[in-house]
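Novice: Give the three-dimensional model of this entry:
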Amino acid sequence: MTLQTWLLFALVIFSIGLYAVLARRNLIAILIGIELMLNAANINFLAFNHFVTSDPAVGQIIVLFVIGLAAAEVSIALSIVLAVYRQRKAIDVQDLDELRG
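Specialist: The predicted structure is shown next:
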C-alpha cells in the first residue's frame, strides 16, 4: 500500500468522526467521533513514519502518547456524561444549555 492509500483511509475515518461530532446530539456518539478523529491522526503519524523517516520509533512513540491522551480523555468525558445523566436523566446535547448547578 502506498502513502496516498493510507492518507485516503485516514481521511475517510476522520470524516466519519467529524460527521459524528457535528451531526449527533448524543454525548456518547460525540465521544466516539472524537476517538475516530484521534485514530485517523494516529494512522497519519504511522503512515508518514513508515514512508518518510527511517527510524520507526519516532512515530510509534507519538502514537502511544496520543493513545494515552485518548484514554484519559475518555475517562474524564465518561465521568462527566455520568454526572450529567444523574442530574438530567438524559444525555442529549440540546438539553445542556446551562452550566450552573
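Novice: contacts, neighbours, all on C-alpha from now
Specialist: Will do.
Novice: what does the model give residue 16 for pLDDT?
Specialist: Looking at residue 16, its pLDDT reads 96.
Novice: shift numbering so it begins at 420
Specialist: Okay, using 420 as the starting number, the last item reads as residue 435.
Novice: ok, the residue nearest to residue 465 when sequence neighbours are not counted - contacts?
Specialist: Excluding its sequence neighbours, the residue lying closest to residue 465 (C-alpha to C-alpha, 6 or more residues apart in numbering) is residue 478, at 5.6 Å. Contacts for residue 478 (C-alpha atoms under 8 Å, 6 or more residues apart in numbering) come out as 464, 465, 467, 468.
Novice: And the helices in this protein?
Specialist: 422-442, 446-470, 475-507 (DSSP state H).
Novice: Next, the buried residues of the second one.
Specialist: By neighbour count, and taking 16 or more other C-alpha atoms under 10 Å as the criterion, the buried residues in helix 446-470 are 446-447, 449-450, 452-466, 468-469.
Novice: Next: the longest one.
Specialist: Of the residues in helix 475-507, those buried under the neighbour-count criterion (16+ other C-alpha under 10 Å) are 478, 479, 482, 485, 486, 489, 493, 500, 503.
Novice: Could you tell me the angle between that helix and helix 446-470?
Specialist: Orientation of helix 475-507 against helix 446-470 (axes from the mean of the first three to the mean of the last three C-alpha atoms, to 10 degrees) gives an angle of 180 degrees.
Novice: again, but for the first one
Specialist: Interaxial angle, helix 422-442 versus helix 446-470 (the same axes, to 10 degrees): 160 degrees.
Novice: Which strands and helices lie in contact with helix 422-442?
Specialist: Helix 422-442 sits against helix 446-470, with contacts defined as 3 or more C-alpha pairs under 8 Å, 6 or more residues apart in numbering; DSSP states H and E.
Novice: any idea how far the residue nearest to residue 465 is from residue 453?
Specialist: 20 Å (C-alpha to C-alpha, to the nearest Å).
Novice: residue ranges with poor pLDDT in this structure?
Specialist: For the chain, the stretches flagged by pLDDT under 70 are 514, 516-520.
Novice: Contacts only, for the residue positioned nearest the centre of the chain.
Specialist: The centroid of the chain falls nearest to residue 454 when counting by C-alpha atoms, centre = their mean (2.2 Å). Residues near residue 454 by C-alpha under 8 Å, 6+ apart: 436, 489.
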